[in-house]
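Asker: Quick one, fold the following:
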Amino acid sequence: MAITRVKTSSVAQGPSTKKTLLGGNDVILGGSYDYIDKVDVGAGGVSSITFSSIPSTYKHLQIRGILRTNDTGSWNNQQIRFNSDTGSNYAFHTLSGDGSAASATAATTQTSFNDFMRAASNSLTAGIFGVAIVDVLDYANTNKYKTLRALQGGDSNGAGMVGITSGVWMSTAAISTITINPSGGTAIQYSSFALYGIK
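Answerer: This next block holds a predicted model:
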(Lines give C-alpha, C1' and ligand atoms only; values in the text may rest on other atoms or scores of the structure.)
Protein backbone atom coordinates (compact mmCIF):
# COMPACT_ATOMS: atom_id res chain seq x y z
CA MET A 1 0.00 0.00 0.00
CA ALA A 2 1.30 3.45 -0.86
CA ILE A 3 1.95 5.74 2.08
CA THR A 4 1.70 9.50 1.64
CA ARG A 5 2.25 12.19 4.27
CA VAL A 6 -0.77 14.50 4.30
CA LYS A 7 -0.05 16.57 7.40
CA THR A 8 3.12 17.21 9.33
CA SER A 9 4.17 18.96 12.49
CA SER A 10 7.55 20.54 13.12
CA VAL A 11 10.12 18.13 14.53
CA ALA A 12 11.99 21.00 16.14
CA GLN A 13 8.98 22.60 17.74
CA GLY A 14 6.94 19.46 18.39
CA PRO A 15 3.14 19.20 18.21
CA SER A 16 0.93 22.01 19.46
CA THR A 17 -0.17 21.79 23.09
CA LYS A 18 -2.44 23.66 25.44
CA LYS A 19 -3.32 23.50 29.12
CA THR A 20 -6.44 21.64 30.17
CA LEU A 21 -9.01 23.26 32.43
CA LEU A 22 -8.53 20.51 34.99
CA GLY A 23 -5.06 20.17 36.39
CA GLY A 24 -3.21 22.27 33.82
CA ASN A 25 -1.85 19.23 32.01
CA ASP A 26 -0.55 19.52 28.46
CA VAL A 27 -2.73 17.94 25.79
CA ILE A 28 -1.42 17.15 22.31
CA LEU A 29 -3.67 18.77 19.71
CA GLY A 30 -2.02 17.62 16.53
CA GLY A 31 0.40 15.13 15.07
CA SER A 32 1.31 13.63 11.72
CA TYR A 33 -1.29 11.77 9.68
CA ASP A 34 -0.03 9.50 6.90
CA TYR A 35 -2.41 8.32 4.22
CA ILE A 36 -2.11 4.52 4.00
CA ASP A 37 -4.92 3.26 1.76
CA LYS A 38 -8.39 4.00 0.42
CA VAL A 39 -11.36 2.01 -0.90
CA ASP A 40 -13.83 3.73 -3.24
CA VAL A 41 -16.88 1.59 -4.01
CA GLY A 42 -17.78 1.31 -7.69
CA ALA A 43 -21.03 0.73 -9.53
CA GLY A 44 -21.28 -2.97 -8.65
CA GLY A 45 -21.11 -2.44 -4.87
CA VAL A 46 -19.13 -4.57 -2.42
CA SER A 47 -20.05 -6.90 0.44
CA SER A 48 -17.00 -6.00 2.54
CA ILE A 49 -14.14 -3.52 2.72
CA THR A 50 -10.71 -4.69 3.85
CA PHE A 51 -7.48 -2.93 4.75
CA SER A 52 -4.67 -5.51 4.91
CA SER A 53 -0.90 -5.56 5.45
CA ILE A 54 -1.22 -2.51 7.71
CA PRO A 55 2.28 -1.34 8.71
CA SER A 56 3.06 -1.45 12.43
CA THR A 57 5.08 1.77 12.41
CA TYR A 58 2.39 4.14 13.73
CA LYS A 59 1.07 4.95 17.17
CA HIS A 60 -2.63 4.90 16.22
CA LEU A 61 -4.86 4.37 13.18
CA GLN A 62 -7.80 6.42 11.94
CA ILE A 63 -10.55 5.32 9.55
CA ARG A 64 -12.66 7.96 7.79
CA GLY A 65 -15.69 6.64 5.98
CA ILE A 66 -18.94 7.50 4.21
CA LEU A 67 -21.39 4.68 3.56
CA ARG A 68 -24.74 3.91 1.98
CA THR A 69 -26.08 0.37 1.63
CA ASN A 70 -28.77 -1.32 -0.43
CA ASP A 71 -30.68 -2.65 2.59
CA THR A 72 -33.95 -1.39 4.07
CA GLY A 73 -34.61 0.57 7.26
CA SER A 74 -33.03 3.96 7.74
CA TRP A 75 -29.74 4.08 9.69
CA ASN A 76 -28.26 0.61 10.05
CA ASN A 77 -25.35 -0.59 12.20
CA GLN A 78 -22.19 -1.80 10.53
CA GLN A 79 -19.63 -4.42 11.59
CA ILE A 80 -15.88 -4.09 11.96
CA ARG A 81 -13.40 -6.87 12.74
CA PHE A 82 -9.66 -6.97 13.39
CA ASN A 83 -7.36 -9.66 11.94
CA SER A 84 -10.40 -11.62 10.68
CA ASP A 85 -11.21 -12.57 14.29
CA THR A 86 -14.74 -13.96 14.52
CA GLY A 87 -14.48 -15.05 18.16
CA SER A 88 -16.52 -13.48 20.98
CA ASN A 89 -13.74 -11.00 21.73
CA TYR A 90 -15.45 -7.64 21.15
CA ALA A 91 -17.30 -5.36 23.57
CA PHE A 92 -18.65 -1.83 23.04
CA HIS A 93 -21.08 0.81 24.21
CA THR A 94 -22.78 3.63 22.32
CA LEU A 95 -24.58 6.86 23.14
CA SER A 96 -26.76 8.19 20.32
CA GLY A 97 -29.49 10.71 19.62
CA ASP A 98 -31.88 11.59 16.81
CA GLY A 99 -32.72 15.19 17.71
CA SER A 100 -35.66 14.33 19.95
CA ALA A 101 -34.48 11.45 22.15
CA ALA A 102 -31.22 9.94 23.36
CA SER A 103 -30.44 6.26 23.85
CA ALA A 104 -27.56 4.13 25.08
CA THR A 105 -26.62 0.55 24.29
CA ALA A 106 -23.91 -1.84 25.42
CA ALA A 107 -22.82 -5.32 24.39
CA THR A 108 -20.20 -7.86 25.48
CA THR A 109 -18.82 -11.12 24.06
CA GLN A 110 -19.62 -10.02 20.51
CA THR A 111 -18.07 -11.43 17.32
CA SER A 112 -17.51 -7.93 15.90
CA PHE A 113 -18.00 -4.26 16.71
CA ASN A 114 -21.61 -3.75 15.56
CA ASP A 115 -22.19 -0.07 16.21
CA PHE A 116 -19.19 1.91 15.06
CA MET A 117 -21.00 3.44 12.09
CA ARG A 118 -24.58 3.97 10.91
CA ALA A 119 -25.01 3.63 7.17
CA ALA A 120 -27.77 5.31 5.21
CA SER A 121 -30.01 2.71 3.59
CA ASN A 122 -31.68 2.75 0.18
CA SER A 123 -34.94 3.66 1.91
CA LEU A 124 -33.60 7.19 2.42
CA THR A 125 -33.43 9.94 -0.18
CA ALA A 126 -30.85 9.29 -2.91
CA GLY A 127 -27.49 10.88 -2.18
CA ILE A 128 -27.74 10.53 1.62
CA PHE A 129 -24.71 8.82 3.26
CA GLY A 130 -23.69 8.02 6.81
CA VAL A 131 -20.29 9.17 8.03
CA ALA A 132 -17.83 8.05 10.71
CA ILE A 133 -14.38 8.81 12.04
CA VAL A 134 -12.93 5.84 13.89
CA ASP A 135 -9.72 5.88 15.96
CA VAL A 136 -7.95 2.60 16.75
CA LEU A 137 -5.57 3.31 19.61
CA ASP A 138 -2.19 1.60 20.20
CA TYR A 139 -3.06 -0.87 17.47
CA ALA A 140 0.45 -2.37 17.26
CA ASN A 141 1.07 -2.68 21.02
CA THR A 142 1.29 -6.37 21.92
CA ASN A 143 1.03 -5.73 25.67
CA LYS A 144 -2.58 -4.55 25.81
CA TYR A 145 -6.07 -5.03 24.43
CA LYS A 146 -7.05 -2.67 21.60
CA THR A 147 -9.40 0.27 22.11
CA LEU A 148 -11.68 1.77 19.46
CA ARG A 149 -13.58 5.07 19.58
CA ALA A 150 -15.88 6.44 16.91
CA LEU A 151 -17.89 9.53 16.09
CA GLN A 152 -20.72 8.76 13.67
CA GLY A 153 -23.77 10.39 12.19
CA GLY A 154 -25.96 11.24 9.26
CA ASP A 155 -28.88 13.42 8.29
CA SER A 156 -31.79 12.97 5.88
CA ASN A 157 -33.27 16.46 5.76
CA GLY A 158 -33.80 16.72 9.51
CA ALA A 159 -34.38 13.05 10.35
CA GLY A 160 -30.93 11.79 11.22
CA MET A 161 -28.80 10.54 14.06
CA VAL A 162 -25.47 11.15 15.78
CA GLY A 163 -23.57 8.83 18.06
CA ILE A 164 -20.34 8.15 19.90
CA THR A 165 -19.01 4.64 20.42
CA SER A 166 -16.13 3.12 22.34
CA GLY A 167 -15.08 -0.48 22.35
CA VAL A 168 -12.38 -3.00 23.17
CA TRP A 169 -11.00 -5.92 21.19
CA MET A 170 -9.78 -8.39 23.78
CA SER A 171 -6.58 -9.41 22.06
CA THR A 172 -2.95 -8.38 22.47
CA ALA A 173 -2.17 -9.13 18.81
CA ALA A 174 -0.99 -6.26 16.65
CA ILE A 175 -3.71 -5.26 14.18
CA SER A 176 -2.66 -5.94 10.59
CA THR A 177 -6.09 -6.30 8.94
CA ILE A 178 -9.34 -4.34 9.35
CA THR A 179 -12.54 -5.57 7.72
CA ILE A 180 -15.77 -3.58 7.47
CA ASN A 181 -18.95 -5.55 6.71
CA PRO A 182 -22.14 -3.66 5.82
CA SER A 183 -24.90 -5.30 7.90
CA GLY A 184 -27.91 -6.54 5.98
CA GLY A 185 -26.73 -5.44 2.55
CA THR A 186 -23.84 -4.28 0.40
CA ALA A 187 -22.04 -0.97 0.23
CA ILE A 188 -23.19 0.88 -2.87
CA GLN A 189 -21.41 3.20 -5.31
CA TYR A 190 -19.72 6.33 -3.93
CA SER A 191 -19.25 4.82 -0.50
CA SER A 192 -15.64 5.39 0.52
CA PHE A 193 -13.23 4.50 3.33
CA ALA A 194 -9.71 5.81 3.92
CA LEU A 195 -7.11 4.58 6.41
CA TYR A 196 -4.53 6.87 8.03
CA GLY A 197 -1.62 6.21 10.36
CA ILE A 198 -1.05 8.65 13.22
CA LYS A 199 2.51 9.27 14.39
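
Asker: can you list the weak-confidence ranges in the chain?
Answerer: Scanning the chain for pLDDT under 70 picks out 1-31, 184.

Asker: redo that, cut-off 80
Answerer: Within the chain, the ranges that satisfy pLDDT under 80 run 1-31, 72-74, 76-77, 156, 158, 183-184.

Asker: Spatially central residue for the chain, please.
Answerer: The residue lying closest to the centre of the chain (CA atoms, centre = their mean) is Val134, at 2.7 Å.

Asker: Might one say that that residue is in contact with Gln62?
Answerer: Yes: using CB atoms under 8 Å, Val134 makes contact with Gln62 at a distance of 6.9 Å. The C-beta positions use only the backbone N, C-alpha and C, and glycine is treated the same way.

Asker: Can you report how many residues lie near Thr109?
Answerer: Other residues near Thr109 number 10, with proximity taken as other CB atoms under 10 Å.

Asker: looking at it, it is touching Ser88, isn't it?
Answerer: Yes: Thr109 is within contact range of Ser88, at 4.1 Å (criterion: CB under 8 Å).

Asker: Does the residue lying closest to Ile63 once chain neighbours are set aside lie in a helix or a strand, and which?
Answerer: Spatially, and ignoring its direct neighbours in sequence, Ile63 is nearest to Val134 (4.2 Å; CB to CB, 6 or more residues apart in numbering). According to DSSP states H and E, Val134 maps onto strand 130-137.

Asker: Kindly report the same for Gly73.
Answerer: Judged by DSSP H and E, Gly73 forms part of no helix or strand.

Asker: Quick check: it vs Thr179, distance?
Answerer: 22 Å (CB to CB, to the nearest Å).

Asker: Could you do Ser48 as well?
Answerer: 6 Å.

Asker: of those two, who's got more company?
Answerer: Thr179 (17 against 13).

Asker: Tell me the secondary structure at the more buried one.
Answerer: strand (DSSP: H, G, I helix; E, B strand; the rest coil).

Asker: Could you measure from it over to Gln79?
Answerer: Counting by CB to CB, the gap from Thr179 to Gln79 is 8 Å.

Asker: outside of stretch 168-181, which residues touch it?
Answerer: 47-54, 56, 61, 63, 65, 78-85, 89-92, 112-113, 117, 136, 139-148, 193, 195 (CB atoms under 8 Å, 6 or more residues apart in numbering).

Asker: Report the buried members of the residues you listed.
Answerer: Listed as buried from the contacts of stretch 168-181 are 49, 51, 54, 61, 63, 65, 78-83, 85, 89-92, 112-113, 117, 136, 139-140, 146, 148, 193, 195; burial here means 16 or more other CB atoms under 10 Å.
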